[in-house]
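[1] one predicted model, sequence on top.
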Amino acid sequence: MIPSVKKPGGNTRGLLAYLYGPGRHDEHLDPRIVASFSPRGLPDPGRDQDATLTQLGRILDAPVKLRNEGFGKKVTDHVWHCPVRTAPGDQHLSDAEWGEIARRIVHAAGIAPDRDPLACRWIAVRHADDHIHILATTVREDGRRPKLHNCGMRAQAEARLIETELGLHQIAPGDRTGDRRPTQAEMHKADRLGWEQTSRAWLQERIRAAIPHAASAEELLAYLEADGVEVKVRRYPSGDLLGYSVGRPGDVKANGEQVYISGSKIAPDLSLPKLQARLDAGQPEEYPTARRNRPSTSWQRATDALDILHDHLADVGSGGSRSTGQEAQAQITALGELIDATAQAGPAELRDQLRTASREFARAQRSRIRADHHTAAGLRQAARDIVHAGDGPDGSAFAVLLTALVWSAILASRWHQAQGHQQQAEAARTTATHLQAAYDQTAAEEFAALAHRQPTLEVNHALAGAVRSAAPDHADRILTDPNWPALATVLADAHAAGHHPRTLLTEAAARRELDSARMPAKVLLGRIQHTSRNPAPNPRAEAARLRSPAAVSLPHTLQPTVTTSPAADPRQPRKR
């Protein structure tokens, strides 16, 4: 249930004409008053043929008229309008139920507190099954104005209680960092021009898509201009940026002038100061695996960069996360940029799914916690590498990145949930669903090919033993997973390249908990494909490890082959 407090107006009679009229598309049916300030009832033009809108408007405006006659400064913003709408799929409520909802909303908002005989005058009109309109005049009977600061938030809080009591769809509470809802004028304009999105939504997507391409606010605005967006810049006398606004081509006023919208009014995190804080956050640190082996593609480098995010957000539920709130929020913000970059550079057949994921994750990128963007420079650079590399999707490496993004979105959802950010947590969960669908689609052919060339029965049995040794609590689920044959092939390939299967399994299980995984073999496969591309362990170091009493050997078929010359073998006597 969503109560939406509109901007104050000054024409009571005009709003009544809309509420009792046919609507813009003849959608208003049987308009009538379901509740009001008067216990004796009011003349209802929807039920009484002798009642008129002018008569009803005069009754509602009486305190306003009285105040304006007795005071020097007239009240002109006295019309308070709040539609209250249930979610699609909710049960239809009766007039009596809607009337009680209206009384609770005006009480919570401060329009008409319970047992206040001098409260504002108001009515609730119903002309559809799924919503009502509350109209009030904001001058009390004693001539004072009501205290309406944060009335929308109070109405929302009351709506959450009503949802629980009536069994309606539960809407996650917000923190005032969400997008502005499109106005009726914006939606009707988009409909009239044949646009699928309002100008505000269209511009937000363009700005977010441009962020991975830019290293500064100046570059961002230049990219937007080159992309066909109308850009208007304000500068200080020194030439430094002061502010910016953008416009959608074709969105003009009645006089033909371009309509511009400032970044802060498009989304809270797209104001110039916040964009500058993100884009000017400094140079990235070296990726954690760069010292071992510089990845060959931007997709592999992005997967490496996600390891840092996983470290920041892992174990958040148990309080084991080593990240501060500002660092974690910065990582999540940069994750959104990486998802957007992946959507732009990914395979054409997956772009719609990935763009939907990026659009959903935008809500998770911001909260009331101020992000320390310097700590996420590496992840942000990985996003830039992807859009600038031009190396195209690299089958296996792209699939591995997608599975890492799925886990990242899940971790972001858990972190937001732990912080009480309900809307952001839901957005991250929805994002994970879309990313998982994209991964399933891109990995299906590869998994079939891997399963087709699964290792021999003997090797398969030995690998199963490695699984039971590395992940005893999850071994049965892994081995019965339909993706086990593909995982066995990846482990066999890694062993042939000199890697230790049990070590790979242990490291992969440590990076991603398996309790919540529906298909643990698929989860492990992606991670092992990523780590096994690094060079195999040094033979001498491996030989020393095998001689260690603490070493636990695998079946002989899975022992790494170690070859050393007699002169290099430390167990041979040194020649004099």
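    Thanks, I have the structure now.

[2] tell me the contacts of residue 354?
    Residue 354 makes contacts with 339, 342, 343, 346, 434, 435, 438, as judged by C-beta atoms under 8 Å, 6 or more residues apart in numbering. C-beta coordinates here come from the backbone N, C-alpha and C atoms, glycine included.

[3] try 10 Å
    Contacts of residue 354 were listed using C-beta atoms under 10 Å, 6 or more residues apart in numbering, and they are 339-347, 402, 405, 434-435, 437-438.

[4] tell me the helix or strand right after whichever strand or helix holds residue 165.
    With elements taken from DSSP states H and E, the one containing residue 165 is helix 151-166. Elements were assigned by DSSP H and E; along the chain past helix 151-166, the next helix or strand is helix 184-193.

[5] buried sites along that next one?
    When neighbours are counted by 16 or more other C-beta atoms under 10 Å, the buried residues of helix 184-193 are found to be 186, 189, 190.

[6] which parts of the helix holding residue 165 count as buried, going by neighbours?
    For helix 151-166, a neighbour-count test (16+ other C-beta under 10 Å) marks 151, 152, 154, 155, 156, 158, 159, 162, 163 as buried.

[7] among these, which pair sits farthest apart?
    Using C-beta to C-beta, those reach their maximum pairwise distance at 151 and 163, which is 18.8 Å.

[8] if we can go back for a sec, so what touches the helix holding residue 165?
    Residues beyond helix 151-166 that count as contacts (C-beta under 10 Å, 6+ apart) turn out to be 1-6, 80, 82, 84-87, 90-91, 93, 97, 100-101, 104-111, 134, 138, 148, 150, 168-174, 176.

[9] centre of the chain versus that helix, how much separation?
    Once both centres are worked out by C-alpha atoms, centre = their mean, to the nearest Å, helix 151-166 turns out to sit 23 Å from its chain's centre.

[10] what sits against residue 85?
    Listed by C-beta under 10 Å, 6+ apart, the contact set of residue 85 reads 1, 2, 3, 4, 128, 130, 131, 132, 133, 159.

[11] now for the residues you listed: which two are most distant?
    128 and 159 (17.6 Å).

[12] surely residue 413 meets residue 425?
    Yes. Residue 413 lies in contact with residue 425 (C-beta atoms under 10 Å); the separation is 4.9 Å.

[13] what touches both of the two?
    With the criterion set as C-beta under 10 Å, 6+ apart, the overlap between the contacts of residue 413 and residue 425 is residue 364.

[14] for the residue nearest to residue 380 when sequence neighbours are not counted, give me the backbone phi and psi.
    Counting by C-beta to C-beta, 6 or more residues apart in numbering, residue 334 is the residue found nearest to residue 380 once chain neighbours are left out, at 4.6 Å. Note on residue 334: its backbone torsions stand at phi -70, psi -30 [degrees, to the nearest 10].

[15] burial count for residue 334?
    If you count neighbours by other C-beta atoms under 10 Å, residue 334 ends up with 30.

[16] heads up, I number from 780, so please use that
    Taking 780 as the first residue, the last one we looked at is residue 1113.

[17] list the contacts for it?
    With contact set as C-beta under 10 Å, 6+ apart, residue 1113 has these partners: 990-991, 1057, 1060, 1063, 1084, 1087-1088, 1144, 1150, 1152, 1154-1162.

[18] show me the shaky parts of the stretch 980-1129 of the chain.
    Judged by pLDDT under 70, the stretch 980-1129 of the chain has its weakly predicted residues at 1061-1075, 1094-1102.

[19] if we use 80, what do you get?
    Regions of the stretch 980-1129 of the chain meeting the criterion pLDDT under 80 cover residues 1060-1075, 1093-1102.

[20] all helices of it, in order?
    Using DSSP state H, counting those that start in this stretch, the helices found in the stretch 980-1129 of the chain span residues 996-1005, 1042-1045, 1051-1058, 1077-1092, 1104-1124.

[21] same question, the stretch 1230-1355 of the chain
    For the stretch 1230-1355 of the chain, the helices defined by DSSP H, counting those that start in this stretch cover 1236-1249, 1254-1259, 1263-1275, 1280-1290, 1299-1310, 1318-1326.

[22] now the weakest link among those, please, by mean pLDDT.
    When the helices of the stretch 1230-1355 of the chain are ranked by mean pLDDT, helix 1318-1326 comes last with a mean of 55.

[23] how about residue 996, nearest residue that isn't a chain neighbour?
    On the basis of C-beta to C-beta, 6+ apart, the spatially nearest residue to residue 996 that is not a chain neighbour turns out to be residue 1055, at 5.0 Å.

[24] check the gap between the one you found and residue 1039 for me.
    When distances are taken as C-beta to C-beta, to the nearest Å, residue 1055 and residue 1039 turn out to be 19 Å apart.

[25] try residue 837
    As it turns out, when the distance is counted by C-beta to C-beta, residue 837 lies 41 Å from residue 1039.

[26] between the two, tell me which one has more neighbours.
    Neighbours around residue 837 and residue 1039, counted as other C-beta under 10 Å, are more numerous at residue 1039. The numbers are 17 against 13.

[27] tell me the pLDDT at the closest residue to residue 1122 other than its chain neighbours?
    With sequence-adjacent residues excluded and distances taken as C-beta to C-beta, 6+ apart, residue 1122 is closest to residue 1133, at 3.6 Å. According to the prediction, residue 1133 has pLDDT 96.

[28] what is the neighbour count of residue 1182?
    For residue 1182, the count of nearby residues is 25 (other C-beta under 10 Å).

[29] the nearest residue to it once chain neighbours are set aside: what's it in contact with?
    Taking C-beta to C-beta, 6+ apart, and ignoring the residues beside it in sequence, residue 1182 has residue 1305 as its nearest neighbour in space, at 3.4 Å. By C-beta under 10 Å, 6+ apart, the residues touching residue 1305 are 1082, 1175, 1178-1183, 1185-1186, 1218, 1222, 1266, 1269, 1287, 1291.
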